[in-house]
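>>> coordinates only, sequence not included:
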């Protein structure tokens, strides 16, 4: 319960993705000076982490560690989450065996965490999981391995993985993702007509207005653009945009307690906010695989409590980068803007630049 206590200060660690670096610049209506945040180590976190692990081991209850790990992932404390999931995997091995479905589920969780962090070991965890058998639960691992193989210019292995995924997930969300990858494989082989057919099949399986549908639209739009079919490409991107904004709306802070109505621009006696603490954004796996770079522009209001709210997407990159930008910016903290010494809500524009190394 102490680990889940929201009153305890736990600043997130800065993630360092090996294949990507995100350089952030922020601009209001007028420039302002940024303040460096002072990192304060949480000396109490480690003992509590160890106590949680010991309690779970004594009870042979990996579910405890899975739940707490999910909390750490949400807080972007990935090293702690990995330690918890590794211990949960050990409990699974002892209680269910290392050939069990429960053990495969533990490998999937570690693979998901590694993939989120952009770590190469995601492929190892997923490979070990699918080696225990292809199931609906391991379909996402097969899809990841297919994309990974395609990125390594191994379309034969990619095709094998994606066909295995479709065999255990012939319809629904995972099928849509698999068919999108299948389209990518065809496009990589210069079979644009086949790729287009696969993307259309994927859209038929993707849940309506879902991030998966947006990804398929963006991928399909990229193919159409390469063929000079700009009108069709733009139409697909226009359909994907509100889906991305809907995801950002879920991320954006709407908690009560700070004034955001009547937000003003900097100038005419309004002093700008100053940045106190920021989180670096992550690179989405889809964007990394597509080798996508660019800038996401966000409009928002910095409330009288110094927290960003009402985040709006002004310029979309798609492929999950819009959400990654909003997720990071939503956790920034500011000293609020002021007028006559009193805090006021201020309109801001933030640019998040994504560049692959």
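In hand now; what should we look at? Here the structure is a predicted model, which is why all the values come from computation and not from measurement. Numbers count the residues shown, from 1 in each chain.

>>> Could you list every helix and strand that the biggest helix by length in the chain packs against?
As assigned by DSSP state H, the longest helix anywhere in the chain is helix 230-251. Helices and strands touching helix 230-251, by 3 or more CB pairs under 8 Å, 6 or more residues apart in numbering; DSSP states H and E, are helix 211-226, strand 308-315, helix 321-329. From N, CA and C alone the C-beta is placed, and that goes for glycine too.

>>> to the chain's geometric centre, what's the distance from whichever helix or strand comes after it?
Of the helices and strands lying after helix 230-251 in sequence (DSSP states H and E), the nearest is strand 270-271. Centre-to-centre, strand 270-271 and its host chain are 34 Å apart (CA atoms, centre = their mean, to the nearest Å).

>>> can you pull out the helices in the stretch 101-250 of the chain?
For the stretch 101-250 of the chain, helices defined by DSSP state H, counting those that start in this stretch occupy the ranges 101-117, 121-131, 139-151, 155-168, 173-188, 192-205, 211-226, 230-251.

>>> can you redo the ones you listed as a markdown table with mean neighbour count, mean pLDDT and distance to residue 53?
Listed next are the helices of the stretch 101-250 of the chain as a markdown table, based on neighbours: other CB atoms under 10 Å; pLDDT from 0 to 100; distance: least, CB to CB, whole Å:
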| stretch | mean neighbour count | mean pLDDT | distance to residue 53 |
| --- | --- | --- | --- |
| helix 101-117 | 22 | 96 | 14 |
| helix 121-131 | 19 | 97 | 20 |
| helix 139-151 | 24 | 96 | 25 |
| helix 155-168 | 19 | 97 | 33 |
| helix 173-188 | 24 | 97 | 32 |
| helix 192-205 | 18 | 98 | 40 |
| helix 211-226 | 22 | 97 | 33 |
| helix 230-251 | 17 | 96 | 30 |
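
>>> So for residue 330, which of those helices sits nearest?
Ranking these by proximity to residue 330 (CB to CB) places helix 230-251 first, at 5.3 Å.

>>> which residues touch that closest one?
For helix 230-251, contacts defined as CB atoms under 8 Å, 6 or more residues apart in numbering pick out 209-211, 213-214, 217-218, 220-222, 224-225, 298, 311-313, 316, 318, 322-323, 326-327, 330.

>>> And for stretch 177-188?
Outside stretch 177-188, the residues touching it (CB under 8 Å, 6+ apart) are 139-140, 142-143, 146-147, 150, 155, 158-159, 162, 165-166, 169, 192, 194-199, 201-202, 205, 212, 215-216, 219-220, 223.

>>> And stretch 320-327, by the same measure?
211, 215, 244, 247-248, 251-252, 281-287, 292, 294, 296, 298, 311, 313, 316, 352, 354.

>>> Buried ones from those residues, can you make that a ChimeraX selection?
A single ChimeraX command selects the buried members of the contacts of stretch 320-327 (16 or more other CB atoms under 10 Å):
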select :211,215,244,247,248,251,252,281,282,283,284,285,286,287,292,296,298,311,313,316,352,354
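
>>> Any regions of the stretch 1-150 of the chain where pLDDT drops low?
Scanning the stretch 1-150 of the chain for pLDDT under 70 picks out 1-47.

>>> What segments of it are strands?
Taking DSSP state E, counting those that start in this stretch to define them, one finds strands in the stretch 1-150 of the chain at 20-27.

>>> what's the domain layout of this protein?
As given by automatic domain parsing, the domain ranges for the chain are 44-133, 136-250, 252-356.

>>> Check the separation of the first and last residues in the second one.
Counting by CA to CA, to the nearest Å, you get 27 Å between the two ends of domain 136-250.

>>> tell me the contacts of residue 85?
65, 66, 69, 106, 109, 110, 113.

>>> oh sorry, the question was meant for residue 205
When contacts are counted by CB under 8 Å, 6+ apart, residue 205 touches 171, 172, 173, 175, 176, 179.

>>> Now for residue 299, how many residues are close by?
Here the number of neighbours of residue 299 (other CB atoms under 10 Å) works out to 14.
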